[in-house]
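>>> what's the 3D shape of this:
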Amino acid sequence: MGLLQVAITLVIILLLVRPVGRYMVKVFDNEKTGLDRVFGPFERIAYRFMGVRENETMGWKKYLAAMLMVNFIIMLLLYAVFRLQKFLPLNPDGIDNMPAAQSFNTAVAFTTNAEWQSYSGENGLSYFSQLIAVTFPMFTSAATGFAVAIAFIRGLIGRQDNLGNFYVDMIRSITRIFLPLSFIVALFLVFQGVPQTFKGAIDATTLEGGTQIITRGLVASLESIKHLGTNGGGWFGTNAAHPFENPTPLSNFIHMICMMLLPTALVYAFGLMIKNKKQGWTVFAAMGIIFLVILATVFAAEFRGVPALDAMGVHGNMEGKEVRFGISGSALFTAETMTTNTGSVNNMHESLTPMSGFVAFAGMMLNNVFGAKGVGLLNGILYLILSVFFCGLMVGRTPEFLGKKITGKEVKLASIALLVHPLIILVPTAWALLRPEAINSISNSGLHGLSEVLYAFTSAASNNGSAFAGLNANTNFYNLGIGLVMLFGRYVSIIAMLAIAGSLATKRVVPATSGTLRTNTPLFTGILIMIILVIGALTFFPALALGPIAEHLAMPH
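Have a look, this model is predicted:
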């Protein structure tokens, strides 16, 4: 039954890839659709308010400047809301202002699509903060990722340094994709029992006669964009394991569909936009194979459980999981949230078996298996560029991709984007393990304690936001350190990718010859997978060997 649940979910996602991908191409190519009359007026009002000329085009530097400026303004707005929430409206439970370091961390998290939370949502934020400083940036951060990915694709197929208009791409992402889908999903979640109210917490009498405070709020609206935008931040501290965020197996199913829907469709849209469907399916296949390996490992490890308990008749690992989802619903959710960089959890990753923890790390460290909005596709293309370069060296030809020569400039920029990722994970982890105040935040000693710290910085660098919940990250050290890692993890790679797009956009297309390396074949899919795994293994294996791998080997068998 568990396998059947997983298979049905994945088949439905695959069936949705084509229609959603085609719709996305129409949105970003500014083609006419039957929904223009619905969304057009709202978009024109937004452009007029922002002073944006819809037909204005931007080179890569102007596009980058617009993206950075908008994100910086949003981050300042979020920081101000968190610091002043005590004095702002919609605070029925009287939540106090958030401390400065934590406000910085949280503002960065929701600006960068990481949604890392060093607070418990129901106790740390007012309704105003949850609505304006959490739900709103879930739309803008996801739209930013989409816009950058689309701009990069335009650079691949362009003939001049024209990547489109960032403001238009961002607004159209929100109005034509995220808002309508979020509205539909939110209504369904309300139908399933997810709260959507401005009323504050209520006092309830338990069956034993005690008193319990039950918090609620605008949960359904946050949950819908949380998963559609691969955001991950929860209204409640226990995230999608909480019955108010994810009450039924059916709501869990919808959450999983939402997490995979747009990242997979974007890869298909990539093939359509470059007018080479086979190339799109090549990238999709490489990502899909890695995803299935991760899923199979989590599934097998959690069903196998802990050998010592298995010998006592306790089969499977249900620690940290909700009975209403079971091992199957938890395993698929875990694989999706790690590969789409959503960061939402319906079970506690602290309680995963070591091998499940290992592939959870792998999903974030590789950071290119579908990924968050645009991130997975961009990183996948980075690895593709390196694969083309390596293959060109082996056969003695100038590497080409989509008819454009890959030169030292593109390879250097791609290398910078990929090397920053391990740098901002491994260096802060090592620094934290040397700091007494950082070590005091670790709840588990030994191998698992090391994994807690490594997981925190890996999650931040990959814009994921989930955590090994045993680490107390609400300290000045972790709030500031993880906040900086989220900033570097988000924007260094974006800067490099837009620079590559600008460089490729001005290059002329070289006609294909019999000696041209074809990058849309099953053989190249295998090469791409090997390059991804080899680079990932060489970079991160030593750290993982000290954490989840050593922990797995230490288990009694």
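
>>> rest of the way, CA atoms for contacts and neighbours
Fine.

>>> next, work out how far apart Ile257 and Asn55 are.
Ile257 sits 35 Å away from Asn55, going by C-alpha to C-alpha, to the nearest Å.

>>> who's more crowded, the two?
When neighbours are counted by other C-alpha atoms under 10 Å, Ile257 comes out ahead of the other of Ile257 and Asn55, with 20 against 9.

>>> helix or strand: which one has the more buried one?
helix 249-273 (DSSP states H and E).

>>> what is the subsequent helix or strand relative to that helix?
helix 277-304.

>>> for Glu43, see how far away Asp310 is.
From Asp310 to Glu43 the distance is 58 Å (C-alpha to C-alpha).

>>> the more surrounded of these two?
Glu43 (19 against 13).

>>> give the closest residue to the more buried one in space, chain neighbours not counted.
Spatial nearest neighbour of Glu43, excluding adjacent residues (C-alpha to C-alpha, 6 or more residues apart in numbering): Ile171 at 6.8 Å.

>>> how about Ile254?
Once flanking residues are discounted, Ile254 sits nearest to Val185: 8.0 Å by C-alpha to C-alpha, 6+ apart.

>>> one more: Glu302?
Once flanking residues are discounted, Glu302 sits nearest to Asn317: 5.2 Å by C-alpha to C-alpha, 6+ apart.

>>> okay, now the unreliable bits of the stretch 251-400 of the chain?
In the predicted model of the stretch 251-400 of the chain, residues 372 satisfy pLDDT under 70.

>>> give the contact list for the closest residue to Ala461 other than its chain neighbours.
Spatial nearest neighbour of Ala461, chain neighbours left out: Gly489 (4.6 Å); criterion: C-alpha to C-alpha, 6+ apart. The contact partners of Gly489, taken as C-alpha atoms under 8 Å, 6 or more residues apart in numbering, are Val420, His421, Ile424, Ala460, Ala461, Ser462, Asn463.

>>> and those residues, which of them are buried?
His421, Ile424, Ala460, Ala461, Ser462, Asn463 (16 or more other C-alpha atoms under 10 Å).

>>> against Lys226, how distant is the third one?
Taken as C-alpha to C-alpha, the spacing of Ala460 relative to Lys226 amounts to 17 Å.

>>> name the helices or strands packed onto the helix or strand hosting Ser459?
Element membership for Ser459 (DSSP H and E) is helix 446-461. Using 3 or more C-alpha pairs under 8 Å, 6 or more residues apart in numbering; DSSP states H and E as the contact test, the elements touching helix 446-461 are helix 354-366, helix 408-432, helix 476-505, helix 548-554.

>>> how about those helices in CSV, adding distance to Pro247?
What follows is the helices and strands packed on helix 446-461, written out as CSV (distance: least, C-alpha to C-alpha, whole Å):
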stretch, distance to Pro247
helix 354-366, 24
helix 408-432, 34
helix 476-505, 31
helix 548-554, 31
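
>>> just these: most buried one?
helix 354-366 (a mean of 24; mean count of other C-alpha atoms under 10 Å).

>>> could I get the CA-only coordinates of that one as CSV?
Taking C-alpha atoms only, helix 354-366 is exported to CSV below (Å, rounded to 0.1, in the frame of the first residue of the first chain):
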residue,chain,number,x,y,z
PRO,A,354,21.2,7.6,9.6
MET,A,355,20.9,6.5,6.0
SER,A,356,17.8,8.6,5.5
GLY,A,357,19.6,11.5,7.1
PHE,A,358,22.5,10.9,4.7
VAL,A,359,20.3,11.2,1.6
ALA,A,360,18.6,14.3,3.1
PHE,A,361,22.0,15.9,3.3
ALA,A,362,22.7,14.7,-0.3
GLY,A,363,19.6,16.4,-1.7
MET,A,364,20.6,19.7,-0.2
MET,A,365,24.3,19.4,-0.9
LEU,A,366,23.8,18.5,-4.6
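
>>> gap between it and the chain center?
Relative to its chain's centre, helix 354-366 lies at 15 Å (C-alpha atoms, centre = their mean, to the nearest Å).

>>> list of residues touching it?
Outside helix 354-366, the residues that touch it by C-alpha under 8 Å, 6+ apart are 294, 297-298, 301-302, 334-335, 338-339, 341, 349, 369, 421-422, 455, 458-459, 462, 464, 532-533, 536, 540, 544, 548-549, 551-552.

>>> what comes up buried for the helix holding Ser459?
By neighbour count on 16+ other C-alpha under 10 Å, the buried set for helix 446-461 is 447-461.

>>> ok, of these, which one's closest to Phe136?
Proximity of the buried residues of helix 446-461 to Phe136 (C-alpha to C-alpha) peaks at Ala460, which lies at 20.2 Å.

>>> enumerate every residue touching the closest residue in space to that closest one that isn't next to it in sequence.
Distance criterion C-alpha to C-alpha, 6+ apart; nearest residue to Ala460, sequence neighbours excluded, is Met486 at 5.0 Å. By C-alpha under 8 Å, 6+ apart, the contact set of Met486 is Val108, Ala109, Thr112, Ala114, Ala460, Ala461, Ser462, Asn463.

>>> any weak-confidence spans in the stretch 101-250 of the chain?
Ranges of the stretch 101-250 of the chain meeting pLDDT under 70: none found.

>>> so which residues of the protein form strands?
In the chain, the strands defined using DSSP state E lie at 202-205, 211-214, 400-401, 404-405.

>>> got CSV for these, with mean neighbour count and distance to Val134 too?
Listed next are the strands of the chain as CSV, based on neighbours: other C-alpha atoms under 10 Å; distance: least, C-alpha to C-alpha, whole Å:
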stretch, mean neighbour count, distance to Val134
strand 202-205, 11, 23
strand 211-214, 11, 21
strand 400-401, 20, 39
strand 404-405, 19, 41
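
>>> no further questions, thank you.
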